[in-house]
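S.K.: Predicted model and sequence below, questions to follow.
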Amino acid sequence: MEATQMESNQTAAAAPVITPEALLEHWQGHRRLTRRVIEAFPEEAFFNYSIGGMRPFAVLVMEMLGMAGPSMVGVATREWPAFTPTAMPATKKEVLQQWDEATEQINRYWAQIPPGRFQEHDVAFGVYAGNIYSHLLYFIDNEVHHRGQGYVYLRALGIEPPPFWVRD
């Protein structure tokens, strides 16, 4: 094998599967889609509709909000706030405002994450042990899971949800 080919293979082997910037964009793509799901709900159904004992979508969204911004504080600063549920706003408009504020908080703290932090072990919210990248993947997975419940609610209400593949 030629020397340049060997160097190329070594560089490729050392490259991460995904960059921090690409992971942030992936998460924010999910957040943009979840925001559209929130917007699709009628006001009353957003706060009160449920199926089979599942929580209303507003409650699920508040769980996501209670995790998203505060998690970034812990990731960036190594100081994890206690996980506390966010109080339920009175309107969907207020929820969307909090969603947008959390999005900005994620962006602000993401920019402060030290190199190498993604591989570090930490205890999120003083309870959940794991590597930072595994915590971030959980936060994304949790949102996708709850958004799926929102899709079920919208379809049961006769509302076509936003296409799940559109993340811009």
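M.R.: Looks like it came in fine. The structure displayed is predicted, hence computed values, not measured ones.

S.K.: how close does the spatially most central residue of the chain get to Arg147?
M.R.: The residue lying closest to the centre of the chain (Cα atoms, centre = their mean) is Ile140, at 4.0 Å. Ile140 sits 11 Å away from Arg147, taking Cβ to Cβ, to the nearest Å as the criterion. All C-beta atoms are positioned from the backbone trio N, CA, C, and that covers glycine.

S.K.: so what sits against both of those two?
M.R.: Contact criterion Cβ atoms under 8 Å, 6 or more residues apart in numbering; residues shared by Ile140 and Arg147: His30.

S.K.: sorry, back to before: could you list every residue that touches the residue nearest to the centre of the chain?
M.R.: Shown in contact with Ile140 (Cβ under 8 Å, 6+ apart): 26-27, 30.

S.K.: and those residues, which are buried?
M.R.: The neighbour-count criterion (16 or more other Cβ atoms under 10 Å) marks 27, 30 among the contacts of Ile140 as buried.

S.K.: from the contacts of Ile140, which ones fall inside helices?
M.R.: 26-27, 30 (DSSP state H).

S.K.: Tell me the one among the contacts of Ile140 nearest to Ala111.
M.R.: The closest of those to Ala111 turns out to be Trp27 (Cβ to Cβ; 13.8 Å).

S.K.: Check the gap between the closest one and Thr84 for me.
M.R.: Applying Cβ to Cβ to Trp27 and Thr84 gives a distance of 22 Å.

S.K.: ok, now Ser134?
M.R.: Noted for Ser134: a distance of 22 Å to Thr84, by Cβ to Cβ.

S.K.: Which one of those two is surrounded by more residues?
M.R.: Summary of the neighbour comparison: Ser134 and Thr84, criterion other Cβ atoms under 10 Å, with Ser134 having more neighbours (15 against 9).

S.K.: count of neighbours near the closest residue in space to Val152 that isn't next to it in sequence?
M.R.: What sits nearest to Val152 in space, not counting adjacent residues and going by Cβ to Cβ, 6 or more residues apart in numbering, is Ile51, at 6.6 Å. Other residues lying near Ile51 total 11 when counted by other Cβ under 10 Å.

S.K.: Pull up the gap between Ile51 and Ala45, please.
M.R.: When Cβ to Cβ is applied, the distance between Ile51 and Ala45 equals 11 Å.

S.K.: hey, which helix or strand in the chain has the poorest pLDDT?
M.R.: Sorting the helices and strands of the chain by mean pLDDT, DSSP states H and E puts helix 3-14 at the bottom, at a mean of 54.
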